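Engineer: Give me a 3D structure for the following:
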Amino acid sequence: MFLLWGARLIGKSYIRGLFRYNRKNVVQMQIGGRYKSHKWAYWGKNQHRITYYRNKDESHISKEVFIEEMTTYDIISNFEDKGIQSREGVVDDYIGYGKNNKRPRRKIDVWEETGRELYPIYEDDGSVWEDHFFNDLCTCDLLIPQPHPQLFTHEPFLYFFRTSDNVLPYKSDILDMTIAQVNMFDPVETNKYWNVNVSNVEEAYNMNKELVFTHLDDFVRENRNVQQIMIDNKIPFRYFDLATDDHTFFDENLSNVDWGEWYANNNITHDKNSERYKIATNIAKDYIHTRGLTEVRLSGRVNDRI
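Structural biologist: Predicted coordinates:
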């Protein structure tokens, strides 16, 4: 089993999709929340989608299970959680002129189907949910934990991590990574936080570069902080370079995702010759130069202080 660590926009969706495409069992603690975990398990032609949660007015962890027959095409052509098409991130698809805007995120502290409030399972001491962690979450081929503090204060968890195959993705192609992060800019959140009124990343950059640059800093800082947590807790790990490594890093028998027909019928890629792509590239280059960013891994902090 592999443990995949990291913060935002660091390739976890790609790797999660790779394992599910190969019908490998995957567990992910919900991004940004302490309320749910999701499992995808495969038996023959069937996919089992399992969500673990706890209602606030109950004392036990519950689970909801969906079982569905899934072909390979079904897996690549459906959005998560059913398929592997990612819903993450792009609130305002500036580069794509809005064509790839994602739906708003669901509330993480409410069970949508019932409207009942959820209990933050993973805020409790690890001893409270140790059995759930080992019996429900660790029974898979790929586990994607969230770096909640409770994971690193409970000794059985730490022993497990220290004896596991831990992987931290990063991307050595800093420009390509930063262009994608420019496109993750959220005007609504920026307007709230900075008390400004911008409609997209270009307007923000022209008003005050720091509106965009601090947004980009967050990606670098958050992923470096995860690396620091691993080092501080003496958890060994390997880097997976999204620019140069491929699916055989995990298992030479894994097949790479063949998007084929689905990609041909769904034009979701960005035109690198478009005016907006060029603007996003210039913003990314300016950020990299201004910050002196030469390495996104933790070792780069010595130079750029991010």
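Engineer: buried set for the host helix or strand of residue 14?
Structural biologist: Here residue 14, judged by DSSP states H and E, is contained in helix 12-21. Buried residues in helix 12-21, counted by 16 or more other C-beta atoms under 10 Å: 12-13, 15-21. (Glycine included, C-beta is placed from N, CA and C.)
Engineer: Out of these, which comes closest to residue 301?
Structural biologist: Comparing the buried residues of helix 12-21 against residue 301 with C-beta to C-beta places residue 12 closest, at 21.6 Å.
Engineer: check contacts around the closest one.
Structural biologist: Contacts of residue 12 were listed using C-beta atoms under 8 Å, 6 or more residues apart in numbering, and they are 4, 6, 28, 144, 169.
Engineer: wouldn't the fourth one be in contact with residue 4 here?
Structural biologist: Pointing back at residue 144 there. Yes - because the distance of 4.7 Å satisfies C-beta atoms under 8 Å, residue 144 is recorded as touching residue 4.
Engineer: Name the spans of the chain whose pLDDT lies under the cut-off.
Structural biologist: 31-33, 87-89, 102-109, 112-113, 259-269 (pLDDT under 70).
Engineer: Would you quantify the distance from the closest residue in space to residue 29 that isn't next to it in sequence to residue 120?
Structural biologist: Residue nearest to residue 29 in three dimensions, not counting chain neighbours: residue 146, with 4.3 Å by C-beta to C-beta, 6 or more residues apart in numbering. Distance, residue 146 to residue 120, using C-beta to C-beta, to the nearest Å: 12 Å.
Engineer: And those two? Which one has more around it.
Structural biologist: residue 146 (18 against 15; other C-beta atoms under 10 Å).
Engineer: How are the helices of the chain distributed by residue range?
Structural biologist: 12-21, 72-77, 130-132, 155-162, 174-182, 187-194, 201-207, 209-232, 260-265, 275-291, 301-304 (DSSP state H).
Engineer: Tabulate those (CSV), appending distance to residue 61.
Structural biologist: Below are the helices of the chain laid out as CSV (distance: least, C-beta to C-beta, whole Å):
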stretch, distance to residue 61
helix 12-21, 22
helix 72-77, 27
helix 130-132, 5
helix 155-162, 17
helix 174-182, 35
helix 187-194, 32
helix 201-207, 40
helix 209-232, 25
helix 260-265, 35
helix 275-291, 43
helix 301-304, 38
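Engineer: Show me the one of those helices that comes nearest residue 97.
Structural biologist: Evaluated with C-beta to C-beta, these place helix 275-291 nearest to residue 97, the distance being 6.7 Å.
Engineer: Okay, and the beta partners of the nearest residue to residue 15 once chain neighbours are set aside?
Structural biologist: Ranked by C-beta to C-beta, 6+ apart and with sequence neighbours excluded, the top spatial neighbour of residue 15 is residue 4, at 5.8 Å. Note on residue 4: beta-bridge partners by DSSP bridges are residue 167.
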